[in-house]
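1. Provided below for reference: sequence and predicted model.
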There are 2 protein chains.
Amino acid sequence: MAPLDGITILDLTHVLAGPFASHTLQDLGARVIKVERPGVGDDTRAFPPFVDGISAYFATLNAGKQSIALDLKADADRITFEALLARADVLIENYRPGAMHRLGYGWKVVHARHPRLVYASVSGFGQTGPDAMKPAYDMVVQARGGVMSITGEAGGPPVRVGASIGDIVAGMFLAQGILAALYEREKTGQGAMVDVAMLDSQLAIQEHSVAITSATGVPPGRTGARHPTITPFSTYRAADGFVVIAAGNDAIFARLCEALGLDMATDPRFATNAARCENHMLLKRLLEAVTLGETVSHWISVLEAAGLPTARVQDMAEVLQDPQILARNMVVPVAPQPGGPGFTAPGNPIKMSSLPELAERGPVPALDGDRDRILTWLGKA
Amino acid sequence: MAPLDGITILDLTHVLAGPFASHTLQDLGARVIKVERPGVGDDTRAFPPFVDGISAYFATLNAGKQSIALDLKADADRITFEALLARADVLIENYRPGAMHRLGYGWKVVHARHPRLVYASVSGFGQTGPDAMKPAYDMVVQARGGVMSITGEAGGPPVRVGASIGDIVAGMFLAQGILAALYEREKTGQGAMVDVAMLDSQLAIQEHSVAITSATGVPPGRTGARHPTITPFSTYRAADGFVVIAAGNDAIFARLCEALGLDMATDPRFATNAARCENHMLLKRLLEAVTLGETVSHWISVLEAAGLPTARVQDMAEVLQDPQILARNMVVPVAPQPGGPGFTAPGNPIKMSSLPELAERGPVPALDGDRDRILTWLGKA
């Protein structure tokens, strides 16, 4: 048993935000039926890299889902789609606003016919507002939503967040809305419409930059690896790389000074976080004068022995072999085809007492590969 | 009415991941009772900047919550806490693993007494694994989880993501687990334990970097503003700043070339995404040779007229005045005290047909400021 056992999600989305939302709900126990365009399918089927001809990118987000190809403008396929709508608990779509309405599947029409269905839309700018119809990508909302303005070196150009948080965070808020709507349906018997915008979502994850801008009128800029309002809270150069040093309060800073053999915890230039932020360049020089003398591993041992937070900057190959990551079952094998060789993908980060751990991620669906199985389930085979 | 109407969350957490989770659930209709340490309260009450002596940072995450100060080692306060446990639907905690158990409030004990309670823990490394007991901060998991290794200029040092995604993404997964557990409780009558780690969460949001590393064995590096596997998908220099140009497929690239007056859509060096990725530096030079000649506003007009995705890199002051952001009610006033002057904070990014839009965020709770109201509710006043 799993929390979403028995829930069927009809997923019309492609690329990233929508598929990430249904992927999360699948990890919580839902069955996901991926409705793809005949002949082409999800664009990410063509995204590199490939393993045995299968996109690892597509597999990461879609392993274990079922695929059926339907042309929502063709009569026969519309009949199948409408039968699926009648059986599904959740519909997820990421068409341009208005497109579902023109297909005859707008929220009001669908809700009138299937009042228990949860109807979830994810889009670049939302279903409303002057820019609702404009196209968006991750890059567009990372730039317009302000995250790029605070990511990058001080004095350098804005930098894109390496993870596609423009899409992924929107997919996460969408999943939350869907879960809330499923809960509510248990109380009211009614499905709800959920509308999540990638741009809105970028603003919603910025706590300090909004607070600073709203309270002072001055937007924060870029600070490289450094937190803008906590010092030290950055990476520092060691002999062979970078080590994280982070002290969220004065007591931790005092323990840090002791661990590094620096007699400056009570120096008025560094005694408070406000003073440390003021003198952050000087503090960086003093810390690196020490840390450059030994390796990252050395400093991690020293700081961990003192009970202080620290880490190395790991690349993804190191992350995928990190003992803690592995102990948490966060790297699981994927079967590209039933019985195929497989590779790995992230595990489920939501650990629950009522949810068995994944032993592997399911097979990667071929385009339209589950048609017969789905039609049988609909009683139409 | 709202989806989580009637749900009471007992929130023992401070700083960011936990408060962000309860903040999200509050936006969905839950009542949040913030249990703080007597005398000090949430560390973020002392985080700058301040408006009328109130931390804008604290307010952003905690407006509208209720506060009671309890010492979980003092008998009288434990009685109050246990009465709260008996009435709450959800408990959220972010102590070091084992600490709740030592207080007598571990999952097993609490679940035996209150089988319907959802028990949610968020921590740096999770409740299990060799590093479960180590301290963590946002900075630590951004570094160790690999996001920093793919964020920053090519050839430059790793850069921290300006938004605190180490904490916030974990808070979002925690909220999802809680919502799934609330849904499941409607079916089974039983609460579940949810265990989310900040480190696990960093891995879970990386789709392309895990796919690339797993499929090729070679971890991706830093690429500045550029997407590693889609070209063009970056910011480009205009006369007065940066403009986003993004083309996810060949048809969009052809329209882009036409809009910019560049005759190269069929040039074999740029005709496919693979070729464009191969020749990304050359393509950047050719694009910027055009874009540098006019302003960002000019190029946004040109690209939007052609129906192409684009944006400027906005700072947070610009974001907070963006007409689309405002039309979506994503900037809402906060009342620091009942009747006080107020400032603004992000709105709720989860728009739902069953959820009224926020007119404002509630008052910022004073430490222990809701004690009487909460005790009255418990029938103890």
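-> Received it, and whenever you're ready, just let me know what you need.
2. what's near enough to touch the closest residue to chain B within the stretch 1-150 of chain A?
-> For the stretch 1-150 of chain A and chain B, the shortest gap (Cβ to the nearest Cβ) falls at A:Ile150, measuring 2.9 Å. Where you see a C-beta, it was placed from the backbone N, CA and C, and this is true even at glycine. A:Ile150 is in contact with A:206, A:209, A:220-223, A:228, B:162-163, B:316, counting by Cβ atoms under 8 Å, 6 or more residues apart in numbering or on different chains.
3. would you check how far apart the residue nearest to it when sequence neighbours are not counted and A:Leu28 are?
-> Nearest residue to A:Ile150 in three dimensions, chain neighbours excluded: B:Gly162, at 2.9 Å (Cβ to Cβ, 6 or more residues apart in numbering or on different chains). Computed as Cβ to Cβ, to the nearest Å, the B:Gly162 to A:Leu28 distance reads 30 Å.
4. more neighbours, those two?
-> Shown here are B:Gly162 and A:Leu28; by other Cβ atoms under 10 Å in any protein chain shown, B:Gly162 has more neighbours (28 against 25).
5. now the element after the lowest-mean-pLDDT helix or strand in chain A, going C-ward?
-> When the helices and strands of chain A are scored by mean pLDDT, DSSP states H and E, strand A:50-51 comes last with a mean of 89. Where DSSP states H and E defines the elements, the next helix or strand beyond strand A:50-51 is strand A:54-55.
6. which residues touch that next one?
-> A:44-49, A:336-337, A:364, B:211.
7. by neighbour count, which of the residues you listed wins?
-> In the contacts of strand A:54-55, the most neighbours by other Cβ under 10 Å go to B:Ala211, 31 neighbours.
8. tell me the contacts of that residue?
-> Per Cβ under 8 Å, 6+ apart, neighbours of B:Ala211: A:49, A:55-57, A:59-60, A:345.
9. which among those gets closest to B:Gly177?
-> Nearest to B:Gly177 out of the contacts of B:Ala211 is A:Ala345 (Cβ to Cβ; 19.5 Å).
10. for that closest one, which three-state class applies?
-> Per DSSP: H, G, I helix; E, B strand; the rest coil, the local secondary structure of A:Ala345 is strand.
11. isn't it right up against A:Val334?
-> Yes: if you go by Cβ atoms under 8 Å, A:Ala345 and A:Val334 touch, sitting 4.9 Å apart.
12. show me the common contact partners of those two, please.
-> Shared contacts of A:Ala345 and A:Val334, counting by Cβ under 8 Å, 6+ apart, come down to A:59-60, A:63, A:361.
13. out of the residues you listed, which are inside helices?
-> A:59-60 (DSSP state H).
14. any of the shared contacts of A:Ala345 and A:Val334 buried? List them.
-> Using 16 or more other Cβ atoms under 10 Å in any protein chain shown as the burial test, the shared contacts of A:Ala345 and A:Val334 include A:59-60, A:63, A:361 as buried.
15. any chance of these in TSV, with pLDDT and distance to chain B too?
-> Shown next, in TSV, are these (pLDDT from 0 to 100; distance: Cβ to the nearest Cβ, whole Å):
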residue	pLDDT	distance to chain B
A:Ala59	94	7
A:Thr60	95	5
A:Ala63	95	11
A:Arg361	93	11
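16. ok, now which ones touch A:Met198?
-> A:17, A:122-125, A:136, A:138, A:140-141, A:145, A:166-167, A:169-170.
17. for ChimeraX, what selects the buried ones among the residues you listed?
-> The ChimeraX selection below is limited to those of the contacts of A:Met198 classed as buried (16+ other Cβ under 10 Å):
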select /A:17,122,123,124,125,136,138,140,141,145,166,167,169,170
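18. can you narrow the contacts of A:Met198 to ones near chain B?
-> A:124-125, A:136, A:138, A:140-141, A:145, A:169-170 (Cβ under 8 Å from any Cβ of the partner chain).
19. flag the least confident of those residues.
-> The weakest per-residue confidence within the ones next to chain B among the contacts of A:Met198 falls on A:Ala136 (92).
20. helix, strand, or coil at A:Ile92?
-> Classified using three-state DSSP, A:Ile92 is strand.
21. the closest residue in space to A:Glu357 that isn't next to it in sequence: which element?
-> Take A:Glu357 and drop its neighbours on the chain: the residue closest to it by Cβ to Cβ, 6+ apart is A:Asn329, 5.1 Å away. Taking DSSP H and E as the definition, A:Asn329 sits outside all helices and strands.
22. what is the neighbour count of A:Gly106?
-> 16.
23. touching, it and A:Met100? I think so.
-> Yes: in this structure A:Gly106 lies within contact range of A:Met100 using Cβ under 8 Å: 5.3 Å.
24. sorry, back to before: inside helices: which ones of the contacts of A:Met198?
-> Of the positions in the contacts of A:Met198, A:17, A:138, A:140-141, A:166-167, A:169-170 sit in helices, assigned by DSSP H.
25. state the distance from the spatially most central residue of chain A to B:Ala197.
-> In chain A, the residue lying closest to the centroid (Cα atoms, centre = their mean) is A:Ile168, at 3.6 Å. A:Ile168 sits 17 Å away from B:Ala197, going by Cβ to Cβ.
26. please apply the same query to A:Lys187.
-> Counting by Cβ to Cβ, the gap from A:Lys187 to B:Ala197 is 31 Å.
27. what about the helices in the stretch 51-200 of chain A?
-> Taking DSSP state H, counting those that start in this stretch as the criterion, the stretch 51-200 of chain A carries its helices at A:56-62, A:75-87, A:99-102, A:107-113, A:138-144, A:165-188, A:198-204.
28. other SSEs contacting the fifth one?
-> Meaning helix A:138-144. Packing partners of helix A:138-144 (3 or more Cβ pairs under 8 Å, 6 or more residues apart in numbering or on different chains; DSSP states H and E): helix A:165-188, helix A:198-204, strand B:233-238, strand B:241-246, strand B:310-312.
29. for the ones you listed, state which one has the densest average packing.
-> helix A:198-204 (a mean of 30; mean count of other Cβ atoms under 10 Å in any protein chain shown).
30. could you point out where chain A is predicted with low confidence?
-> A:336-342, A:380-381 (pLDDT under 70).
31. got the domain ranges for it?
-> Following automatic domain parsing, chain A resolves into domains at A:8-205+A:325-377, A:233-314.
32. got a list of what the nearest residue to A:Gly29 once chain neighbours are set aside touches?
-> Leaving aside its chain neighbours, A:Gly29 sits nearest to A:Ala2 (2.7 Å; criterion: Cβ to Cβ, 6+ apart). Going by Cβ under 8 Å, 6+ apart, A:Ala2 touches A:28-29, A:354-356.
33. rerun that using 7 Å as the cut-off
-> Applying Cβ atoms under 7 Å, 6 or more residues apart in numbering or on different chains to A:Ala2 gives the contacts A:28-29, A:354-355.
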